[in-house]
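Visitor: Sequence first, then the predicted structure, then my questions.
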Amino acid sequence: MKGFTSFFGLPSFFRDWQTHKLTDQDLLRLYAMIAENPESGKHLKDIEGVRAMKFLPPSAPQHEVRIYFGFATRDQVVLLAIVLRAEAKKLPPADRARIRRRFIALKTAMAGPTEVREINVVPAGEYDGLAIQRLRRDVGVSQAVFADLMGVSKMLVQGWEQGVRGATPLARRLLDVINDDPDRFLKRWTVSVKKEQSS
């Protein structure tokens, strides 16, 4: 088979293969066709590395289909999708996008080990009621506006500031962002409305 060591197919490919009532002999014929002519089929312009080829199953020559496949490595062929010829002419963008995502994911997984980085996450800051109240005043807004900026209720902000309730880790992450630059945060998430005096 001209140096090919393996063929892989997505589970969805083999499910569709059975749906089309194609046989194991048909599959062996497909393997042989790709191995004999790796350049068979047309490149898909919007899916780099993926080809679409016509295939007439020996068990049902009248049942022409399109096979979408790609090379995960130089010697590993991945079978991605099978569709009827009529459907292939108008393959929906969503289906093309799905084929592309599947191929990229498989190619990445089969390419071998990737660099592993150790990432140490800095804990969210600690904020008691006084610290939250001080931060809100640094921003220069009321409890109601601060609640809107935080995406919580005014009652919850009041609870934080009174020490009745503690801010969640997610809320403390956002408080860290605000604390880094209160003015910038306020400008990013608010729109000033200039009120005109009535004559």
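Guide: Sure, I can see it.
Visitor: Could you report the neighbour count for Arg137?
Guide: Neighbourhood size, Arg137 [other C-beta atoms under 10 Å]: 11. The way it works is simple: take the backbone N, C-alpha and C, and place the C-beta from them, glycine included.
Visitor: That one belongs to a strand, doesn't it?
Guide: No - the assignment for Arg137, made by DSSP: H, G, I helix; E, B strand; the rest coil, is helix rather than a strand.
Visitor: Contacts only, for it.
Guide: Shown in contact with Arg137 (C-beta atoms under 8 Å, 6 or more residues apart in numbering): no residues.
Visitor: any idea how far it lies from Gln143?
Guide: Distance, Arg137 to Gln143, by C-beta to C-beta, to the nearest Å: 10 Å.
Visitor: Where does the closest residue to Tyr31 other than its chain neighbours fall, secondary structure wise?
Guide: Setting aside the residues directly before and after it, Tyr31 is nearest to Phe7 in space (C-beta to C-beta, 6 or more residues apart in numbering), at 5.4 Å. Using DSSP states H and E, Phe7 falls within strand 6-9.
Visitor: Against which helices or strands is the next helix or strand after that strand packed?
Guide: Following strand 6-9 in sequence order, the next helix or strand is helix 11-19 (DSSP H and E). If contacts are counted by 3 or more C-beta pairs under 8 Å, 6 or more residues apart in numbering; DSSP states H and E, helix 11-19 sits against strand 76-84.
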